[in-house]
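Asker: Structure, please.
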Amino acid sequence: MRSVASILLFSLLLGCSIPKPLVERIKEEGELLVITRNSPTTYYEGREGLQGLEYELVTLFARELGVKTRFIIPDRFEEIIPKIVAGEAHFAAAGLTVTNNKETEVRFGPGYQNITQQLVYRAGSKRPKKITDTIVGNLEIVRGGSHEEVLEKLKTQYPKLRWVAQSELDSEELLYLVKEQVIDYTVADSNVVALSRRFHPELKVAFDLTTPLPLAWAFPHAEDSSLYNAARDFLEKIKNQGKLDQLIERYYGHAERLGFVDTRTFRRHSAKRLPLLIPYFKLAAEETGLDWQLLAAIGYQESHWNPKAVSPTGVKGIMMLTQATAKQLGIKDRQDPEQSILGGSRYLRLMEKKIPERIQEPDRLWLALAGYNVGFAHLEDARILTQRSGGDPDKWADIKQYLPLLSQEKYYSTLKHGYARGREPVTYVDNIRSYYDLLVWDNTQRQEKPKTKTQALSTTPAVL
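Answerer: A predicted model of the protein is given here:
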């Protein structure tokens, strides 16, 4: 049997060249071509630049390869798989669901997130209990996706099942049409539904159409597996490091914290109470450099923008300051809206200064908010407990898992500052993130006044 070396020498003598592995050619060329789509769950331009879970993952992968990324966005969702098959990009990172049919066309990498496919309807209409209940209404889905594949399979069991497959609209737009009562039902992935319901609480999930399914990157079927293997190793690495969970928490950790009533109450107060307070929030923002909408979200979480609010423990005002904190910050009247908002803003900045400089945004802000709520000493205890348990004490996604343990004697008895209501700061931070997203969404819609429904849907809020 010939050795590998003799085969290589023989090939060279014949003038044949063996191509370099794909991943090496990408490194030499310095560019990774990736197909994606504009969506809050994948890739979009937010207030701080490009964002989205797929964008974050691909950017990290490209950084590991030492190359830049060029994203390609097809006009229609149904074009993504054919473009990969045709070799127009190295792979697709577009929130694609792994299905048996699609696996014959592309090679899926390891799953990085599980979703279910959900049937969605509008609150106030009759809830469908089974898929055949949609026959009497309008069911529309995205053409070329896994939803169509699932419905085709169900149609063999229920021949009367019917739907319209849309090429021009995506899942977010179809969910909007359900909310506007233009159509009765749609099928969407659970992660998309969770984000959409923050802004359209009228949307309701009737039931899951599937068991949990993985989302994955899609590669062409090819003999050269070098890029596929590199991506597989990368995803396994960030999963083991906890970075994958941290990214998922960033985009979805607060998504379903608010219920229908919470969101409707918030919007009612936004219309009636907030306008009188906006000048004070903007004034505090000018002094502290914080986003006025973030300060407003904190104020709503603290008092529902009620200047006369008083808690059983004696904290008062819009930002619910203690007497000691107000004195420290030079605030004389805690129930004066301007003073309270300025005091709360200054206090948040004080909390931020206590956070180690190595901790980057957005974790830095979330930890400062948690400290604002539970106190910096208890936050430090939670970080110590996180580190003891093998988590990352600089990442909110890890710390929020251990904060609730501060109310259990088994844990708080081993820490310097003792008992704390550790669940409260977790809810506190998640709620503020949700209120902030709602404020950004509503204010952006009012400012842009889009002429078409599609333009309105394309505006995506910042992710805190």
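Asker: which of the residues in the strand or helix carrying Gly299 are buried?
Answerer: Assigned by DSSP states H and E, Gly299 belongs to helix 292-303. Residues of helix 292-303 classed as buried: Trp292, Gln293, Leu294, Leu295, Ala296, Ala297, Ile298, Gly299, Tyr300, Gln301, Glu302, Ser303 (neighbour count, 16 or more other Cβ atoms under 10 Å). Glycine gets a C-beta too; all of them are placed from N, C-alpha and C.
Asker: Convert it to PDB, retaining C-alpha atoms only.
Answerer: In PDB, the C-alpha atoms belonging to helix 292-303 read as follows (Å, rounded to 0.1, in the frame of the first residue of the first chain):
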ATOM      1  CA  TRP A 292     -33.800  58.900  29.000                       C
ATOM      2  CA  GLN A 293     -35.900  55.900  27.900                       C
ATOM      3  CA  LEU A 294     -33.900  53.600  30.200                       C
ATOM      4  CA  LEU A 295     -34.400  56.000  33.100                       C
ATOM      5  CA  ALA A 296     -38.100  56.100  32.200                       C
ATOM      6  CA  ALA A 297     -38.200  52.300  32.200                       C
ATOM      7  CA  ILE A 298     -36.600  52.300  35.700                       C
ATOM      8  CA  GLY A 299     -39.100  54.900  36.900                       C
ATOM      9  CA  TYR A 300     -42.000  52.800  35.700                       C
ATOM     10  CA  GLN A 301     -40.700  49.600  37.400                       C
ATOM     11  CA  GLU A 302     -40.200  51.500  40.600                       C
ATOM     12  CA  SER A 303     -43.500  53.500  40.900                       C
END
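Asker: by contact count, what packs against that helix?
Answerer: Applying 3 or more Cβ pairs under 8 Å, 6 or more residues apart in numbering; DSSP states H and E, one finds that helix 292-303 contacts helix 274-288, helix 337-354, helix 363-374, helix 423-448.
Asker: Pick the most deeply packed of those helices.
Answerer: Mean neighbour count (mean count of other Cβ atoms under 10 Å) peaks for helix 363-374 among these, with a mean of 24.
Asker: Could you list every helix and strand in contact with that helix?
Answerer: With contacts taken as 3+ Cβ pairs under 8 Å, 6+ apart, helix 363-374 sits against helix 292-303, helix 337-354, helix 376-388, helix 396-402, helix 423-448.
Asker: Try it again at 10 Å.
Answerer: Here helix 363-374 touches helix 243-252, helix 292-303, helix 337-354, helix 376-388, helix 396-402, helix 423-448, going by 3 or more Cβ pairs under 10 Å, 6 or more residues apart in numbering; DSSP states H and E.
Asker: can I see the domain layout of this protein?
Answerer: For the chain, automatic domain parsing gives the domain ranges 18-112+216-252, 117-210, 260-436.
Asker: Let me have the ones you listed in JSON lines, extended by mean pLDDT and distance to Thr444.
Answerer: Below are the domains of the chain laid out as JSON lines (pLDDT from 0 to 100; distance: least, Cβ to Cβ, whole Å):
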{"stretch": "domain 18-112+216-252", "mean pLDDT": "92", "distance to Thr444": "9"}
{"stretch": "domain 117-210", "mean pLDDT": "91", "distance to Thr444": "11"}
{"stretch": "domain 260-436", "mean pLDDT": "91", "distance to Thr444": "10"}
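Asker: would JSON lines of the ones you listed with distance to Asn443 be doable?
Answerer: What follows is the domains of the chain, written out as JSON lines (distance: least, Cβ to Cβ, whole Å):
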{"stretch": "domain 18-112+216-252", "distance to Asn443": "11"}
{"stretch": "domain 117-210", "distance to Asn443": "12"}
{"stretch": "domain 260-436", "distance to Asn443": "7"}
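Asker: and the closest residue to Lys400 other than its chain neighbours, how far is that from Leu348?
Answerer: Nearest residue to Lys400, sequence neighbours excluded (Cβ to Cβ, 6 or more residues apart in numbering): Val426, at 4.8 Å. Separation of Val426 from Leu348 (Cβ to Cβ, to the nearest Å): 18 Å.
Asker: Check Arg421 too.
Answerer: Distance, Arg421 to Leu348, by Cβ to Cβ: 20 Å.
Asker: what's the answer for Ile81, then?
Answerer: Relative to Leu348, Ile81 is positioned 47 Å away (Cβ to Cβ).
Asker: count of residues packed around the closest residue to Gly137 other than its chain neighbours?
Answerer: Nearest non-adjacent residue to Gly137, counting by Cβ to Cβ, 6+ apart: Asp184, 3.2 Å away. For Asp184, the neighbour count with other Cβ atoms under 10 Å is 20.
Asker: you'd agree Asp184 is up against Tyr121?
Answerer: Yes: if you go by Cβ atoms under 10 Å, Asp184 and Tyr121 touch, sitting 6.5 Å apart.
Asker: wait, what's in contact with the residue nearest to Gly137?
Answerer: Listed by Cβ atoms under 10 Å, 6 or more residues apart in numbering, the contact partners of Asp184 are 120-122, 125-126, 128, 133-134, 136-140, 177-178.
Asker: Generate a ChimeraX selection restricted to the buried entries among those residues.
Answerer: Listed next is the ChimeraX selection for buried residues among these, using 16+ other Cβ under 10 Å:
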select :120,121,122,128,133,134,139,140,177,178
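Asker: List just the nearest of the contacts of Asp184 to Pro356.
Answerer: Comparing the contacts of Asp184 against Pro356 with Cβ to Cβ places Val120 closest, at 42.8 Å.
Asker: Let me know whether that closest one touches Tyr176 as I believe.
Answerer: No: Val120 is beyond contact range of Tyr176, at 11.0 Å (criterion: Cβ under 10 Å).
Asker: any common contacting residues for the two?
Answerer: What both Val120 and Tyr176 touch, as defined by Cβ under 10 Å, 6+ apart, is the set Thr186, Ser196, His200, Leu203.
Asker: residue boundaries of the strands in the stretch 151-300 of the chain?
Answerer: Ranges of strands within the stretch 151-300 of the chain are 164-166, 185-189, 203-208, 213-219, based on DSSP state E, counting those that start in this stretch.
Asker: Looking at the ones you listed, which is nearest to Leu227?
Answerer: For those, the distance to Leu227 is smallest for strand 213-219, at 6.9 Å, taking Cβ to Cβ.
Asker: So what angle separates the directions of the closest one and strand 185-189?
Answerer: 70 degrees (axes from the mean of the first three to the mean of the last three Cα atoms, to 10 degrees).
Asker: Could I get the full set of strands for the stretch 1-150 of the chain?
Answerer: Remark: strands assigned in the stretch 1-150 of the chain by DSSP E, counting those that start in this stretch are 31-35, 44-46, 49-51, 68-72, 91-97, 107-108, 113-115, 117-122, 139-142.
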